[in-house]
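Asker: below: sequence and its predicted model.
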Amino acid sequence: MNSNEIQKFHLEAGFIYMSKTPMVVQTVLGSCVAVCLWDRYLQYGGINHYLYPYVREKKKATPVYGNVAIIALVRMMEEAGCKRESMIAHILGGAHPEDDPGYDTGDKNAEIARRALNHCKIKIASEDIGGVMGRKIVFDTDTGQVAVLKVHQLRKSDWYSERERGR
């Protein structure tokens with residue numbers, strides 16, 4: 001591999017990823033939310049992808065839930081040497097499926113992100129949430145930049161690259 005090539009990682013729902021080295025992390029969101037954290041001094045980045053806003057029972061606490069995934073990501077960043085005052089956050093996702101207008105999981109997922117980040121005193125640099133379209137996310141852990149591609153329909157091919165599918 002060429003030393004100038006940046007590695008790529010696909011983040012699945014219910015997981016967290018943090019890197020001290022330059023990495024491009026991709027994920028696909030519907031009503032789920034991803035929070036990207038980036039330390040502007042150390043240039044480390046991390047991202048989570050959660051499906052549900054919160055869990056109250058400690059024994060069921062996993063990164064599938066926003067209140068767990070956000071705090072776990074903040075702790076991972078701090079363990080790597082990052083300071084909360086030098087971190088910025090992006091909140092992405094939280095769409096509403098067109099065929100289920102009463103569904104508010106996306107709103108609740110976004111709200112838990114705002115509350116947790118405010119509680120941690122981490123500045124929210126941007127939000128791209130709501131609407132009816134899914135999102136393909138590309139997060140550069142080296143620069144903190146995020147690309148969002150909005151899509152009408154999420155397909156299995158949106159989740160994995162050609163290489164990951166063995167082609």
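Answerer: Thanks, I have the structure now. Keep in mind that what you see is a predicted model, and the values were worked out from it rather than measured.

Asker: now the helices for the protein?
Answerer: 66-79, 105-119 (DSSP state H).

Asker: list the contacts of Gly151.
Answerer: Not Gly; residue 151 is Val. By CB atoms under 8 Å, 6 or more residues apart in numbering, the residues touching Val151 are Met133, Gly134, Arg135, Lys136, Asp158. No exception for glycine: its C-beta is placed from N, CA and C like everyone else's.

Asker: how close does the fourth one get to Tyr41?
Answerer: Which is Lys136. 29 Å (CB to CB, to the nearest Å).

Asker: more neighbours: which of the two?
Answerer: Lys136 (16 against 11; other CB atoms under 10 Å).

Asker: check contacts around the closest residue in space to that one that isn't next to it in sequence.
Answerer: The shortest distance from Lys136 to any non-neighbouring residue, by CB to CB, 6 or more residues apart in numbering, is to Leu149 (4.3 Å). When contacts are counted by CB under 8 Å, 6+ apart, Leu149 is found next to Arg135, Lys136, Val138.

Asker: got the contact list for the second one?
Answerer: It stands for Lys136. Gln26, Thr27, Val28, Val148, Leu149, Val151, Asp158.

Asker: now the second one: closest residue in space that isn't a chain neighbour?
Answerer: Okay, so that is Thr27. According to CB to CB, 6+ apart, the nearest residue to Thr27 is Leu11 (4.3 Å).

Asker: between the contacts of Val151, which is nearest Met87?
Answerer: Arg135 (21.9 Å; CB to CB).

Asker: just to revisit the earlier point, ok, the contacts of Lys136 vs Asn48, which is closest?
Answerer: Top of the list for closeness to Asn48, among the contacts of Lys136 and by CB to CB, is Thr27 at 9.3 Å.

Asker: need the buried ones from the contacts of Lys136 selected in ChimeraX.
Answerer: In ChimeraX, this line selects whichever of the contacts of Lys136 come out buried by 16 or more other CB atoms under 10 Å:
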select :26,27,28,148
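
Asker: reformat the contacts of Lys136 as JSON lines; add pLDDT.
Answerer: Shown next, in JSON lines, are the contacts of Lys136 (pLDDT from 0 to 100):
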{"residue": "Gln26", "pLDDT": "97"}
{"residue": "Thr27", "pLDDT": "97"}
{"residue": "Val28", "pLDDT": "96"}
{"residue": "Val148", "pLDDT": "97"}
{"residue": "Leu149", "pLDDT": "95"}
{"residue": "Val151", "pLDDT": "88"}
{"residue": "Asp158", "pLDDT": "55"}
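
Asker: tabulate the contacts of Lys136 in a markdown table, adding columns for distance to Glu5.
Answerer: Formatted as a markdown table, the contacts of Lys136 follow (distance: CB to CB, whole Å):
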| residue | distance to Glu5 |
| --- | --- |
| Gln26 | 15 |
| Thr27 | 20 |
| Val28 | 23 |
| Val148 | 23 |
| Leu149 | 22 |
| Val151 | 26 |
| Asp158 | 23 |
